[in-house]
Each structure stands twice: as C-alpha cells, then as structure tokens.
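**Q** Attaching a predicted model along with its sequence, questions to come.
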Amino acid sequence: MRYVLVYGGLAGAIVISVLCASFALELPNHTSSLWFGYLVMLVALSLIFVGVKRYRDVECGGVIRFGRALGLGLGIAALAGVVYVIGWELYLAMTGWDFMAEYGASIVQGMRAKGASAAAIAAKTEELRGYAEMYRNPVYRTAMTFAEIFPVGLVVAFVSAAVLRNPRMLPARA
C-alpha cells in the first residue's frame, strides 16, 4: 500500500502540476496541448514501472508474479488518476476557467481555418454545446477526467508487469 501511495500520489501530482502550468502559460492550441498532455501522463506514469520494480526488489527479493505486479501497477495508476481528478477540479474551481467553451472555440476556429462549410461548422458548434452542457455536471466531468489518464496507466501497468515478472530483467543490485 505504501508503494501505491508514494508512486501514485507522485505521478498524479506531476501530471496535474505540469498540465496546469501549461494551461496557465497558454500553449498555442488544444491540439498541441493534447499530445503534450498525454506525453506528460506517459512520462509521469513511468513511475508505475519504478514502483513495481522497487517493490519487486525490496519487498519480494527480486521476484514478482505477473498478477501481483499488475495489481500494484493498477493501484498506482488508479491513485494517480484520483490525484489528477482532484487537481483538475481544484484548478477549475480556483481559476473559474470554462475549459469546454475555450476548447470548443478552438475546434471551430480550426475548422474555419481549414475552410469547412458553414453547415459543418454549425453542426459541430451544436455538438460541442451539448458536450459543454454535460461537462458542467461534476460527476460526468470527474469520470471523463479520470478516463483521460487511467488508460495510459493501464498500459504502463501491463507493460511493467510483463517486463518485471522476469527476475533477470533489471535485476536488483547487491
């Protein structure tokens, strides 16, 4: 449990800190920030690998089964997701930022720049208005925010468990 708290809390704190700083610094557009956001998540969630390896080496004598490693990795990913959600909600509350309005405006602006038809822009605007309405619901918003980060953690947990179940892979140093 200690490994979940330390590595999951740290991973979630890193992700939300970097992403909030990038929004505060106003990255050029939401497309580049989307790729940047997932890159930050992947790098921070590499702490799953570090946490599972440390657990394997310190607590398990250098050997860990796939299931135990996966469980630990999923725990770290879940806690990182919870920290991310809490951080995002705090950021939105403190700044009063209407994320969905700005996101929708950038999507429509991109469509105009690409020469989309007025009918396509109107349809997309209506679709985005519906998403913005759903995003105002905190239950929906927190679920969507968690769903942004957890799949990344899931992949990292699976890869970490698969790699670290082999005791010859990155063995503990004496």
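**A** Arrived safely, thanks for sending.

**Q** which residues are contacting the lowest-mean-pLDDT helix or strand in the chain?
**A** Ranked by mean pLDDT, DSSP states H and E, the weakest helix or strand in the chain is helix 30-44, scoring a mean of 82. Contacts with helix 30-44, where a contact means CB atoms under 8 Å, 6 or more residues apart in numbering, come from 11-12, 14-15, 18-19, 22-23, 27, 80, 102-103, 106-107, 110, 148-149, 152-153, 156. Glycine gets a C-beta too; all of them are placed from N, C-alpha and C.

**Q** Repeat that for stretch 154-165.
**A** Taking CB under 8 Å, 6+ apart as the rule, stretch 154-165 contacts 42, 45-46, 48-49, 52-53, 56, 64-67, 69-70, 73-74, 76-77, 169-170.

**Q** Of all the helix elements in this protein, which one is longest?
**A** If you go by DSSP state H, the chain has its longest helix at helix 66-95.

**Q** Just the CA trace of the following helix or strand past that helix, in CSV.
**A** Toward the C-terminus, helix 66-95 is succeeded by helix 99-113 as the next helix or strand (DSSP states H and E). C-alpha atoms of helix 99-113 as CSV (Å, rounded to 0.1, in the frame of the first residue of the first chain):
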residue,chain,number,x,y,z
PHE,A,99,-12.4,24.8,-20.3
MET,A,100,-15.1,23.4,-22.7
ALA,A,101,-16.0,26.9,-24.0
GLU,A,102,-12.4,27.6,-24.9
TYR,A,103,-11.9,24.1,-26.3
GLY,A,104,-15.0,24.3,-28.4
ALA,A,105,-13.9,27.8,-29.7
SER,A,106,-10.5,26.4,-30.7
ILE,A,107,-12.1,23.4,-32.6
VAL,A,108,-14.5,25.8,-34.5
GLN,A,109,-11.6,28.1,-35.3
GLY,A,110,-9.6,25.2,-36.7
MET,A,111,-12.5,24.2,-38.8
ARG,A,112,-12.8,27.8,-40.2
ALA,A,113,-9.1,27.9,-40.9
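
**Q** What is helix 99-113 packed up against?
**A** If contacts are counted by 3 or more CB pairs under 8 Å, 6 or more residues apart in numbering; DSSP states H and E, helix 99-113 sits against helix 30-44, helix 118-135.

**Q** Just give the nearest non-adjacent residue to V58, would you?
**A** Sequence neighbours aside, A172 is the residue nearest to V58 in space, at 7.9 Å (criterion: CB to CB, 6 or more residues apart in numbering).

**Q** Model confidence score at the spatially most central residue of the chain, please.
**A** In the chain, the residue lying closest to the centroid (CA atoms, centre = their mean) is I149, at 2.6 Å. As predicted, I149 sits at a pLDDT of 96.
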